[in-house]
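Trainee: Please find the sequence and the predicted model below.
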Amino acid sequence: MNYWLFKTEPEECSIDDFAREPNKAIVWEGVRNYQARNFLRDSVAVGDQVFIYHSSCKLIGVAGIAKVVRAAYPDPSQFNNQSPYFDAKASDAQPRWVAVDLIFVEKLPQLISLDKIKACPEMAGLPLVQKGSRLSVMPVTAQQWQDLLNL
DNA sequence: GCCAACGTTGGC
DNA sequence: GCCAACGTTGGC
């Protein structure tokens, strides 16, 4: 079992959206970065645990936890020309992007803020806090996972 | 809303 | 395959 951190803008999809329908799988679509896609496609597996990180908002940080219930499959939004994630260069035969499905695990009683994460020396290896990193899907070690929850 | 740092695109 | 121009990300 692996651990991950997925970034999201809460206005689009927040931990509260998961909490509202705790038994409904949420399609994690719209990842349009090759490095992030490769993680999704090659390494994210059913049962993996995911930190849901809120970005570009008032309260920036890890807001909760979700779990992978379906591994990578072609991201439906790439074929939908009404979607902001539409990709004209993708086809059924040759999809470019993948999605996974997640389900709610918990909302953290208190958000783990980016400030706190940055201040923690154990988190220095996390791409999230590395200068210039814009990865939206990143691996988290078991140690980092535990340390983060202890913050 | 600014802007630095990245990633992608496309002409050559 | 280089690289300038452009678009995006995401904290501030």
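Mentor: Everything's here; your move. This structure is a prediction, so every number in the text was calculated from the model and none was measured.
Trainee: from here on, contacts and neighbour counts on C-alpha atoms
Mentor: Fine.
Trainee: Pull out the buried positions in stretch A:29-46.
Mentor: For stretch A:29-46, a neighbour-count test (16 or more other Cα atoms under 10 Å) marks A:29-31, A:36-37, A:39-41, A:44-46 as buried.
Trainee: wait, I meant stretch A:69-78
Mentor: Of the residues in stretch A:69-78, A:69-72, A:74-78 count as buried by neighbour count, 16+ other Cα under 10 Å.
Trainee: So which bits of chain A are right by DNA strand B?
Mentor: A:33-34, A:131-134 (Cα under 7 Å from any atom of the strand).
Trainee: ok, the longest strand seen in chain A: who's next to it in the sheet?
Mentor: Longest strand of chain A, by residue count under DSSP state E: strand A:98-113. According to DSSP bridges, strand A:98-113 forms sheet pairs with strand A:26-28 (antiparallel), strand A:61-74 (antiparallel).
Trainee: Using CSV, lay out these together with distance to DNA strand C and mean pLDDT.
Mentor: Putting those into CSV (distance: least, Cα to the nearest atom of the strand, whole Å; pLDDT from 0 to 100) gives the following:
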stretch, distance to DNA strand C, mean pLDDT
strand A:26-28, 14, 96
strand A:61-74, 7, 96
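Trainee: Report the separation between the residue in chain A sticking out farthest from the centre and A:Phe79.
Mentor: Within chain A, A:Ala93 marks the point farthest from the mean C-alpha position, 26.1 Å out by Cα atoms, centre = their mean. Using Cα to Cα, to the nearest Å, one gets 11 Å for the distance from A:Ala93 to A:Phe79.
Trainee: Now do the helices in chain A.
Mentor: Secondary structure of chain A, counting by DSSP state H: helices at A:15-20, A:34-42, A:114-119, A:142-149.
Trainee: Tabulate those in a markdown table, adding columns for mean pLDDT.
Mentor: A markdown table is the format used below for these (pLDDT from 0 to 100):
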| stretch | mean pLDDT |
| --- | --- |
| helix A:15-20 | 95 |
| helix A:34-42 | 94 |
| helix A:114-119 | 94 |
| helix A:142-149 | 94 |
